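1. any chance you could fold what I've pasted below:
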Amino acid sequence: MKSIRLTKHALEQCVERGTDKTEISEAIRVGSIEPAKQDRLLYRANFQYNKYWQGKFYRIKQVAPVVKEEAYEIVVITVYTFYF
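-> Residues are numbered from 1 along each chain as shown. Below is the predicted model of the structure:
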């Protein structure tokens with residue numbers, strides 16, 4: 001697998017949206033893939049969460065990184081998280 005590099009924006013979104021590089025890497029490795037704007041890809045993976053996020057309890061956290069595949073690396077542009 002290619003190396004994964006997070007942009008500064010993606011790192012900031014990790015903090016804001018409650019995820020980390022480990023979950024992003026796992027989402028890219030095992031998640032479903034769908035096309036995104038500007039020839040990018042969005043990976044989507046669900047994780048058991050069973051914790052509180054911003055005062056509310058959620059069982060599932062979905063991590064959805066948007067990436068641009070380069071010749072020798074995968075560049076994570078941004079990341080979304082959804083809680084269910």
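
2. use CA for all of it now, contacts and neighbours both
-> Fine.

3. gap between Trp53 and Glu16?
-> 11 Å (Cα to Cα, to the nearest Å).

4. then Ala27?
-> Distance, Ala27 to Glu16, by Cα to Cα: 18 Å.

5. neighbour count: the two, which is higher?
-> Higher neighbour count among Ala27 and Glu16: Ala27, with 22 against 11, using other Cα atoms under 10 Å.

6. could you look up the SS state of the more buried one?
-> Following DSSP: H, G, I helix; E, B strand; the rest coil, we place Ala27 in the helix state.

7. Arg5 versus that one, what's the distance?
-> Shown here: Ala27 relative to Arg5, a distance of 14 Å by Cα to Cα.

8. what do you get for Pro65?
-> From Pro65 to Arg5 the distance is 12 Å (Cα to Cα).

9. cool, Gln54 as well?
-> 28 Å.

10. what of Gln62?
-> For Gln62, the distance to Arg5 (Cα to Cα) stands at 20 Å.

11. neighbour-wise, which of the two wins?
-> Gln62 (20 against 16).

12. quick one: strands adjacent to the helix or strand harbouring that one?
-> Counting by DSSP states H and E, the element that carries Gln62 is strand 56-69. Paired with strand 56-69 in the same sheet, following DSSP bridges, are strand 40-53 (antiparallel), strand 73-83 (antiparallel).

13. what bridges to Val79?
-> Under the criterion used (DSSP bridges), Val79 bridges to Pro65.

14. ok, it - contacts?
-> Residues near Val79 by Cα atoms under 8 Å, 6 or more residues apart in numbering: Ala10, Gln13, Cys14, Ile24, Val63, Ala64, Pro65, Val66.
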